[in-house]
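K.L.:
Show me how the following folds:
(one chain, ligands or ions: 1)
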Amino acid sequence: MNNALNLQNMNTNKSFLSKFEKPLVIGGPCSAESEKQMLDIAGQLDQNYVQVFRAGIWKPRTKPNSFEGVGAIGLKWLKKVKDEFGFITATEVANANHVKLALENDVDWLWIGARSTVNPFTIQEIAEALRDTDKVVLVKNPVNPDLDLWIGAVERLQAQNIKNLGAIHRGFSTYKKTKYRNNPQWQIALDFMDKMPGIPMICDPSHICGNREGIFDVAQQAFNFEYDGLMIESHNNPDEAWSDAKQQITPERLHEILKKLELRKSDDPDAFYHSRLSRLRNEIDEADQSIIETIGQRMGISAQIGELKKEHNVAVFQPERWKAIWESAIKQGEKYGLSEEFIDKLLKAIHQESIQHQNSIMNQDKILKP
Ligand SMILES: O=C(O)C(=O)C[C@]1(C(=O)O)C=C[C@@H](O)C=C1
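P.N.:
Take a look at the predicted model:
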């Protein structure tokens, strides 16, 4: 058994979630701005829906000269929110000093931001500062789509005997603009859930969307995948927020969204559901088999083209032909409701495999003697 699995089995504990009615909801402003702002928001958040009050105190910003958080004074305001309203409180920590101050000021839960998760030195420093804590510690996915980095951060915390761990899926940076601020790349979070089954998964639709309009859909999608909870930024006056104004929503809107969300269960004992499901799954199995068979046959044809090109000394990559194949596949995909993004990925993967086959055919018997 490797070390990672060992740690995972030893330290896994989803039990900090057991006292909550599902779903767990973390609400509150992106940043603490003033004591009044914090108390106003806390007073407007309904504890039937929101159990944990969040506020950023130290804000890692992309560019200098942006608002970088109110600093340690905000911890006093968080404590007031806890004392006056009874919320569990949470803030982000990015170094050992933040941890020290947060613990001294009785913050209940801590999260580690995406820009910290990318750096193993930072994670190690935070993990050591938190050694043996029974606080809940939530680890946001790294900025870049790297599953191992995310799991590695959790393992560093587990290695310091920190048991109450969770993960936050806030999406991944992309250079290419998409409709999301941070592309969700759901498969990475699902793979995390698969590999770390004891770690609760919380979705952060605010950072995934970067706007207010998409929050409901992303939150619903998270529940469709059986996530354990949500972290949604909410502000009493979102348009005037000092950070991430575009993605914050009022507490009222947050309650509206939470009321509308449908929770999904992992299974249903209903016999009709099971027999219908198993028939459809058989059909899926058959469809998958025939896809693989067809791709296999296509590779056979590609190998013959490879031989022909070799005989005639013609290049493997044929850009014009490839462009024509791609365009016609996108058009055909449209007819079946398949997105351009999907067909693009599928075709590129097939073409890559095909040219690799042809390449090895070209290179056969071409061993360069030393
Ligand atoms: O048409 C060819 O020349 C092929 O070898 C087939 C194929 C493909 O697999 O689609 C492979 C390489 C070329 O770049 C273009 C297309």
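
K.L.:
Could you list the buried residues of the helix or strand where Glu320 lies?
P.N.:
Using DSSP states H and E, Glu320 sits in helix 319-335. By 16 or more other C-beta atoms under 10 Å, the buried positions in helix 319-335 come out as Ala329, Ile330, Gly333. Glycine gets a C-beta too; all of them are placed from N, C-alpha and C.

K.L.:
Which residues of this structure lie near the ligand?
P.N.:
Ser302, Ile305, Val316, Phe317, Gln318, Arg321, Trp322, Ile325, His351, Ser354, Ile355, Gln358 (C-beta under 6 Å from any ligand atom).

K.L.:
between those, which is closest to the ligand?
P.N.:
Of all these, the ligand sits closest to Ser354, with 3.2 Å by C-beta to the nearest ligand atom.

K.L.:
quick one: that closest one is in a helix?
P.N.:
Yes. Read with DSSP: H, G, I helix; E, B strand; the rest coil, Ser354 is one of the residues of a helix.

K.L.:
From Gly56, how far off is it?
P.N.:
49 Å (C-beta to C-beta, to the nearest Å).

K.L.:
what about the two, which has more around it?
P.N.:
Gly56 (25 against 21; other C-beta atoms under 10 Å).

K.L.:
Around the closest residue in space to that one that isn't next to it in sequence, how many other residues sit close by?
P.N.:
Closest residue to Gly56 apart from its sequence neighbours, by C-beta to C-beta, 6 or more residues apart in numbering: Ser31 at 4.5 Å. Ser31: 24 surrounding residues under other C-beta under 10 Å.

K.L.:
got a list of what Ser31 touches?
P.N.:
Ala55, Gly56, Ile57, Lys59, Phe67, Gly69, Val70, Ala241, Trp242, Ser243, Asp244 (C-beta atoms under 8 Å, 6 or more residues apart in numbering).

K.L.:
next one: phi and psi at the first one?
P.N.:
The phi/psi pair for Ala55 (degrees, to the nearest 10) reads phi -160, psi 130.

K.L.:
Most proximal residue of the stretch 1-150 of the chain with respect to the ligand?
P.N.:
Pro145 (27.0 Å).

K.L.:
Just read off the phi/psi values of that residue.
P.N.:
phi -70, psi 70.

K.L.:
cool, Ile249 as well?
P.N.:
According to degrees, to the nearest 10, Ile249 has phi -120, psi 160.

K.L.:
Next: Ile112.
P.N.:
Backbone torsions of Ile112, given as degrees, to the nearest 10, read phi -110, psi 130.

K.L.:
and the closest residue to it other than its chain neighbours, backbone torsions?
P.N.:
Distance criterion C-beta to C-beta, 6+ apart; nearest residue to Ile112, sequence neighbours excluded, is Val139 at 5.0 Å. The phi/psi pair for Val139 (degrees, to the nearest 10) reads phi -110, psi 110.
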